[in-house]
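Novice: Take a look and give me a structure for this.
(chains A and B)
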Amino acid sequence: MTSALAAPKRTGGYHLARQGKAAHVFLVPWLVGFLGITTIPMLASLYLAFTNYNVLAEPNFIGPANFIRIAGDERFWHSVRVTLLYVLFGVPLQLGFALFLALILDKGIRGLTLYRSAFYLPSLLGGSVAIAILWREIFGQDGLVDKFLGLFGIHASSWLQNPDTALWTLILLHVWTFGSPMIIFLAGLRQIPDDLYESARVDGATTLQQFRSITIPLLTPIILFNLVLQTIGAFQSFTQAAVVSGGTGGPVDSTLFYTLYLYQQGFVNFDMGYASALAWVLLVFIGILTAIQFALSKYWVFYGD
Amino acid sequence: MLTRRNLFTFCALSGLAASAGSLSACSGVGGGDAGASGSTTVRYAWWGTAARQTAYTKAIDAFKQHYAAIGVEPEFAEYTAYQVRMTTQMAAKNVAEVFWIPSAQVLTYAKNGLYRNLDDVQTLKWEDYSKTEIEGFKLDGKLNTLPFGIFTPVFRYSQTYADAAGLTLPADGAGWTWDSLAELAVTYAKNNKDKRWAFVYNPDADLPFEAWLRQHGEQLWTQDGKIGFTADTTAAWFDWWLKLVKAGAVPTPAQQNGMAPLWATIGKSVLGIFGNSNHIIDDAKSFPDQKFTLRHVPVMASPAAGHQFLYFPRVAMYANTDKVKVEAAGQLMNQQGNVTDFLKIVGMTMGAPTNPRVAKEAEAFATDNEKQMLKIVADDRGETRKPRYEAPAGTNSWRAIMARTVEALALGQKTPQDAAKGMISEIQTGIDRA
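Specialist: Numbers count the residues shown, from 1 in each chain, chains lettered A, B, ... in the order given. I've put the predicted structure just below:
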């Protein structure tokens, strides 16, 4: 009797246990990667941030000296200014453009799949070395843009070598990689029930009124999602500036992104302890900014539940 | 659910997997312990262009055929990527047994004990060098690197463009001064029909800058690892360039597409360029229809005695090289520096041979441009030269600092004096920190 009652219970537990073991086995590669490639290096860099470490000799613990040095480092503050400018202009412009195109594609035009793929392509390539080189050719001395403007008698030399225009060309490159947020916006637009628009139309609402009162409010969770993701991504931008400026952040530091400065400290100056401190400052800053974005979201994001 | 027991099992398995991974990684990268047959494999790291990679790969293959018991694992990269990889490998204490040393890192690497002493390596021969030369190769009294090439500062120009403009540069001697070149540059830029500039804007070219300093009785670095130049002499150098920019004789950084324009592009728009003697080998290939001429850099009136100097690119053996690999690594270094057949395959993109015997033998197969380079190096080599010291630790990025400084100078953001002071202060900060 006891064994008969226990049997089904044992079977369920047995299956669960087997499933659990299988799950663990499948999780092992991820866990190894998570520990080996993410967690342990992060903890190591946290320790190195408090050391003087030149890569060649053993790290020497110096307490918060690297962080104190950051506060008085002019190039650090310059790189912060350049990066903030890039994020403040690049992200809203990119999201605005992505939303604009998503709205057009949402109209169900012919060849939608083709357009969607074509528009998404720059996102796949945008952070790549190849596109950065292409950008250098387009905006460089005797580049495509210069030649085109030359037809109208405008000769601006190299847009990438002029400190007043270099960063803006990189912002333009960032805006051009609108594909990823555009796809997400498009998915969000598809989730908005058509009957809301129909009711609005019956009530005489114009297209602009529909956009302002239905599309935007119902899309705010998606806007928040894209905003958070793109802001984090923009703060971490590296390849474009590194390739376009040849790793210098030039001309005269006008494209010295934060991550590029961090790279220079770690891999050019062999100041890995300082570079680690810079990395942690960036992490904490992005963390705080993201928390603020979420905290403020309650004032403008509409979840509809 | 993950129980305590399962956790231990998991940790053990992960540890095993990680260890296996790192072990296999080690064997993959380092691969090359002495085999049972007595053969040895050494890793060889160098930098350059794709053409240099091809040439050196051929030379390595020839070396391996000749020394069947020595295997060579090539580790090639472009110059910047090479330095990044070296940094990573140094951190992992996994450096190639034989490696080239980037110019700004010579003493940084030395300070951190990256080089193995070479005086006990039987396969590396020094007989062709004089005692004075060997003394000159030493770093802090130690013979731990092999200089395998020589660069000198030069002014290179297109003879084809000069002929077309009816231009004749003054001969070496009293007429070939910085002032006479500046005057000639302004005249050329104003009058040539093709609207070319006289030369590229590159006050950050290290060897010509060093030549300027030494002619003024200063030096780039001192023996005790300090900055050897003053703000006044540096400001005078900047001023010389700035006047040429203002006169339209040389382009601004924006006009020439940055501080490191591609020669293949800018070469069409200028008569010449300041640089290193070896650059002619690769650069001339971009314009096969043109003839290029190498000149010593101009000399100021009453220069300091012994101002001429030679820069040596160096190759070293890693300090932690396994004992069983030392002689094989030495043999490979010997090929690099002392074997004419090796040079015949790799060419002279890394300058004139340091080994005087090889340099003499090279004349037999050198191209016209290589002959020019050999001659110009031989001229300076024949002079009595004051010692030259390598860049001290902490100055890895001094050239990047200088490039940034002269960019700001050309843009009018700094005066020559402010630019010089700011640059020296920034370089000094790096030295202090190191």
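Novice: Would you agree B:Gly272 is in contact with B:Val154?
Specialist: No. Look at B:Gly272 against B:Val154 with Cβ atoms under 8 Å: they stay out of range, at 9.6 Å. C-betas here are computed from N, CA, C, even on glycine.
Novice: any common contacting residues for the two?
Specialist: Counting by Cβ atoms under 8 Å, 6 or more residues apart in numbering or on different chains, no residue touches both B:Gly272 and B:Val154.
Novice: Show me which residues of chain A are close to chain B?
Specialist: A:20, A:24, A:28, A:31-32, A:35-36, A:54-57, A:140-142, A:157-158, A:160-163, A:246-248, A:250-253, A:264, A:266-272 (Cβ under 8 Å from any Cβ of the partner chain).
Novice: Inside strands: which ones of these?
Specialist: Among the residues of chain A next to chain B, no residue falls in strands (DSSP state E).
Novice: Apply the buried test to the residues you listed and list what passes.
Specialist: Buried subset of the residues of chain A next to chain B (neighbour count, 16 or more other Cβ atoms under 10 Å in any protein chain shown): A:24, A:32, A:54-56, A:140-141, A:157-158, A:160-163, A:246-248, A:250-253, A:264, A:266-272.
Novice: Residue ranges of each domain in chain B, please.
Specialist: B:36-149+B:311-381, B:153-307+B:394-433 (automatic domain parsing).
Novice: Kindly reformat those as a markdown table containing mean pLDDT and mean neighbour count.
Specialist: Listed next are the domains of chain B as a markdown table, based on pLDDT from 0 to 100; neighbours: other Cβ atoms under 10 Å in any protein chain shown:
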| stretch | mean pLDDT | mean neighbour count |
| --- | --- | --- |
| domain B:36-149+B:311-381 | 93 | 18 |
| domain B:153-307+B:394-433 | 95 | 19 |
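Novice: Any chance of the ones you listed in CSV with distance to chain A as columns?
Specialist: Formatted as CSV, the domains of chain B follow (distance: least, Cβ to the nearest Cβ, whole Å):
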stretch, distance to chain A
domain B:36-149+B:311-381, 3
domain B:153-307+B:394-433, 4
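Novice: Rebuild these as TSV, extending it with distance to A:Pro64.
Specialist: Listed next are these as TSV, based on distance: least, Cβ to Cβ, whole Å:
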stretch	distance to A:Pro64
domain B:36-149+B:311-381	23
domain B:153-307+B:394-433	16
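Novice: show me the contacts for residue 281.
Specialist: In the absence of a named chain, chain A is used. A:Phe67, A:Ile70.
Novice: Please refer instead to chain B.
Specialist: With contact set as Cβ under 8 Å, 6+ apart, B:Ile281 has these partners: B:Gly347, B:Met348, B:Thr349, B:Asn369, B:Glu370, B:Met373.
Novice: Check which helix or strand the residue nearest to the third one when sequence neighbours are not counted maps to.
Specialist: Right, B:Thr349. Nearest non-adjacent residue to B:Thr349, counting by Cβ to Cβ, 6 or more residues apart in numbering or on different chains: B:Ile281, 4.9 Å away. Per DSSP states H and E, B:Ile281 falls inside helix B:279-283.
Novice: what sits up against whichever helix or strand comes after that helix?
Specialist: Where DSSP H and E defines the elements, the next helix or strand beyond helix B:279-283 is strand B:292-296. Contact with strand B:292-296 is made by B:152-159, B:162, B:169, B:172, B:176, B:277, B:280, B:283-284, B:369, B:372-373, B:376, B:379-380, as judged by Cβ under 8 Å, 6+ apart.
Novice: Tell me how far strand B:292-296 lies from the chain's centre.
Specialist: Distance, stretch centre to chain centre, for strand B:292-296: 19 Å (Cα atoms, centre = their mean, to the nearest Å).
Novice: who are the neighbours of the helix or strand that that strand is followed by, in terms of helices and strands?
Specialist: With elements assigned by DSSP H and E, the helix or strand that comes after strand B:292-296 is strand B:314-317. Judged by 3 or more Cβ pairs under 8 Å, 6 or more residues apart in numbering or on different chains; DSSP states H and E, the packing partners of strand B:314-317 are strand B:98-101, strand B:145-147, helix B:323-338.
Novice: Name the surrounding residues that touch strand B:314-317.
Specialist: Identification of contacts with strand B:314-317 by Cβ under 8 Å, 6+ apart yields B:97-101, B:106, B:109, B:114-116, B:118, B:121, B:144-148, B:326, B:329-330, B:333, B:336-337.
Novice: Correct me if wrong: B:Ala254 contacts A:Ser158.
Specialist: Yes. Judged on Cβ under 8 Å, B:Ala254 makes contact with A:Ser158 at a distance of 5.1 Å.
Novice: list residues touching both of the two?
Specialist: Counting by Cβ under 8 Å, 6+ apart, the residues touching both B:Ala254 and A:Ser158 are A:Gln141.
Novice: Quick check, pLDDT for residue 32.
Specialist: If you meant another chain, say so; for now it's chain A. With respect to pLDDT, A:Val32 scores 94.
Novice: ah, no, chain B please
Specialist: 40.
Novice: Between the helices and strands packed on strand B:314-317, which one is closest to A:Ala242.
Specialist: Of all those, it is strand B:98-101 that lies closest to A:Ala242, at 23.2 Å by Cβ to Cβ.
Novice: Point out the other helices and strands that the closest one packs with.
Specialist: strand B:40-47, strand B:314-317, helix B:323-338.
Novice: Against which helices or strands is the longest one packed?
Specialist: In this case it means helix B:323-338. Using 3+ Cβ pairs under 8 Å, 6+ apart, helix B:323-338 is in contact with strand B:40-47, helix B:50-66, strand B:70-77, strand B:98-101, strand B:145-147, strand B:314-317, helix B:356-362.
Novice: Save these as CSV, and put in distance to A:Ile109 too.
Specialist: CSV is the format used below for the helices and strands packed on helix B:323-338 (distance: least, Cβ to Cβ, whole Å):
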stretch, distance to A:Ile109
strand B:40-47, 52
helix B:50-66, 46
strand B:70-77, 48
strand B:98-101, 58
strand B:145-147, 67
strand B:314-317, 63
helix B:356-362, 68
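Novice: contacting residues around the nearest residue to B:Ala51 once chain neighbours are set aside?
Specialist: Sequence neighbours aside, B:Asp282 is the residue nearest to B:Ala51 in space, at 7.1 Å (criterion: Cβ to Cβ, 6+ apart). With contact set as Cβ under 8 Å, 6+ apart, B:Asp282 has these partners: B:Thr49, B:Ala51, B:Thr349.
Novice: B:Glu78 now?
Specialist: Applying Cβ under 8 Å, 6+ apart, we find B:Glu78 in contact with B:Trp47, B:Gly48, B:Thr49.
Novice: ok, so what distance separates the residue nearest to A:Pro64 when sequence neighbours are not counted from chain B?
Specialist: Spatial nearest neighbour of A:Pro64, excluding adjacent residues (Cβ to Cβ, 6+ apart): A:Phe50 at 6.8 Å. Noted for A:Phe50: a distance of 16 Å to chain B, by Cβ to the nearest Cβ, to the nearest Å.
Novice: was I right about B:Met348 contacting B:Glu363?
Specialist: No. Here B:Met348 lies out of contact with B:Glu363, judged by Cβ under 8 Å, at a distance of 11.0 Å.
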